[in-house]
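Novice: Sequence plus predicted model, see below.
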Amino acid sequence: MSFRKALVAVGLSAAVVLGTTGCSFSQHIETIRPYTPSDGSQANYDTADIKVRNVLYVTIADQSILIGSIINSGKNPASVGIRYVDGVTGEVTEKDIATIAAGAKYDIGFNGSPNLDVVLAGMPGGLADIQFLVDEAEIKDEAGNVQKLTIPIVDGTLAEYRNLLVPTQE
């Protein structure tokens, strides 16, 4: 084999190796990027030892439900509530959700837990802002900013959400 053919073979081999492993040279590796593996929103409220998971609002006609889970990662029980703008009256409304034991999880509107009677403004495909309260106080970050959560509003006519709504009596 001539020197020229050997050089071409080495060059092609290097191109194949670099071309097939080029993604590992990138600093933006998507598999380590945190994300919410659900349709709902999540948040960690470290200053209040509360975490919320998969919170979303399902609505169809006159039926609606807020679903999600709340985790108390603290060492004491926490009384958790919600503040939102009522979609009918336009008034800021507060409701108690539950007192959650230390280290426990509470589901809202599924797994046998009661529904939370709220009416948020917005249409399916849109977003709504809510705010969780702990022991009747706003949750703030270390800088003193009030923490709100933007959640999706989803269409209850879709098969994946239909079973979450209570069937109407005919």
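Specialist: Noted; the coordinates are in hand.

Novice: Go ahead and flag the most central residue of the chain.
Specialist: With distances taken as Cα atoms, centre = their mean, the chain has residue 41 as the residue nearest its mean C-alpha position (1.6 Å).

Novice: Helices of the protein, start to end?
Specialist: Listed in chain order, the helices found in the chain under DSSP state H are 3-20, 159-162.

Novice: between the ones you listed, which one is nearest to residue 81?
Specialist: Minimum separation from residue 81 across those (Cβ to Cβ) falls at helix 159-162, 24.6 Å. In this view, the C-beta of every residue, glycine as well, is placed from N, C-alpha and C.

Novice: how distant is that closest one from the center of its chain?
Specialist: Averaging C-alpha positions (Cα atoms, centre = their mean, to the nearest Å) puts helix 159-162 18 Å from its chain's average.

Novice: Would you mind checking the average pLDDT for that helix?
Specialist: If you average the pLDDT over helix 159-162, you get 85.

Novice: Pull out the buried positions in that helix.
Specialist: By neighbour count on 16 or more other Cβ atoms under 10 Å, the buried set for helix 159-162 is residue 161.

Novice: Show me what it is packed against.
Specialist: Contacting helix 159-162 under the criterion 3 or more Cβ pairs under 8 Å, 6 or more residues apart in numbering; DSSP states H and E is no other helix or strand.

Novice: got the CA coordinates for it in PDB?
Specialist: Extracted C-alpha coordinates of helix 159-162, given in PDB (Å, rounded to 0.1, in the frame of the first residue of the first chain):
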ATOM      1  CA  ALA A 159     -59.200  10.700  26.500                       C
ATOM      2  CA  GLU A 160     -56.200  11.100  28.800                       C
ATOM      3  CA  TYR A 161     -58.000  13.600  31.000                       C
ATOM      4  CA  ARG A 162     -61.600  12.500  30.600                       C
END
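
Novice: who's in contact with that helix?
Specialist: Residues from elsewhere that reach helix 159-162 (Cβ atoms under 8 Å, 6 or more residues apart in numbering): 39, 58, 154, 155, 156.
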